[in-house]
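# What follows is a predicted structure for the sequence shown.
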Amino acid sequence: MDLKDPLGELWAADVSVNVERLKKFLEENKPPYFATVGDYVTWNILDAGIHPEIAVVDHRVMRRDVDPIEFKCEHVSVSNPSGTITAESQRALYGALDHHNGFRLVADGEEDLLVLPLMVYLPVGSVIVYGQPREGMVVITLTENNKSWARDFMASMEEAPV
């Protein structure tokens with residue numbers, strides 16, 4: 001698998017259809033954690049009244065600046081340049097597990113790769129949703145297999161120069 005391929009199940013439909021399907025999916029499966037990555041899916045999910053425990057955004061959609069999402073819970077800003085997963089981002093996401101009233105991470109740079117540490121840190125059965133540009137949204141239900149894959153992939157990444 002490579003990162004251009006969806007890391008979970010691609011739901012290829014209009015965002016409003018996907019969000020309604022997600023609402024039912026979450027009610028039926030009751031995951032221990034629900035997380036979103038990306039401004040577009042996060043905004044649409046919040047707008048539908050679904051509240052992820054963890055949301056990761058960068059105030060950009062398709063590499064264009066967008067208005068920041070107003071969060072009513074604690075949020076942390078971290079530096080996470082494009083194509084990287086910084087130690088600061090990893091620490092913040094790991095710490096997010098201790099926040100029971102919702103946690104929002106705002107990446108200064110790019111949030112795309114932050115799906116990987118979420119896959120590693122969240123417990124089996126958790127659900128992560130991110131956008132697949134021009135196709136739909138990807139829904140990952142965590143298993144030991146995809147958690148292990150994410151851990152191995154992260155371990156194979158080059159460490160960025162300091």
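Happy to help now that I have it.

# Okay, strands next: where are they in the chain?
9-11, 34-37, 54-57, 60-61, 64-65, 75-80, 103-109, 127-132, 136-141 (DSSP state E).

# what angle do the longest helix along the chain and strand 136-141 make?
Assignment by DSSP state H gives helix 15-29 as the longest helix of the chain. For helix 15-29 against strand 136-141, the angle by axes from the mean of the first three to the mean of the last three Cα atoms, to 10 degrees is 10 degrees.

# got any ranges where the chain has weak pLDDT?
When residues are selected by pLDDT under 70, those of the chain lie in 1-3, 159-162.

# and the residue nearest the centre of it, what does it touch?
With distances taken as Cα atoms, centre = their mean, the residue of the chain nearest its centroid is residue 37 (2.6 Å). Applying Cβ atoms under 8 Å, 6 or more residues apart in numbering, we find residue 37 in contact with 55-57, 111-112, 114-115, 118, 128-130. Any C-beta I mention is one placed from the backbone N, CA and C, and that applies to glycine too.

# Residue 17: how many residues sit nearby?
12 (other Cβ atoms under 10 Å).

# could you measure it against residue 136, distance?
Using Cβ to Cβ, to the nearest Å, one gets 9 Å for the distance from residue 17 to residue 136.

# one step back: out of the contacts of residue 37, which is nearest to residue 82?
Nearest to residue 82 among the contacts of residue 37: residue 112, at 8.1 Å, using Cβ to Cβ.

# Enumerate every residue touching that closest one.
Residues near residue 112 by Cβ under 8 Å, 6+ apart: 37-38, 130.

# which helices and strands sit right next to the longest helix of the chain?
Under the contact definition 3 or more Cβ pairs under 8 Å, 6 or more residues apart in numbering; DSSP states H and E, helix 15-29 sits against strand 9-11, helix 39-47, strand 127-132, strand 136-141.
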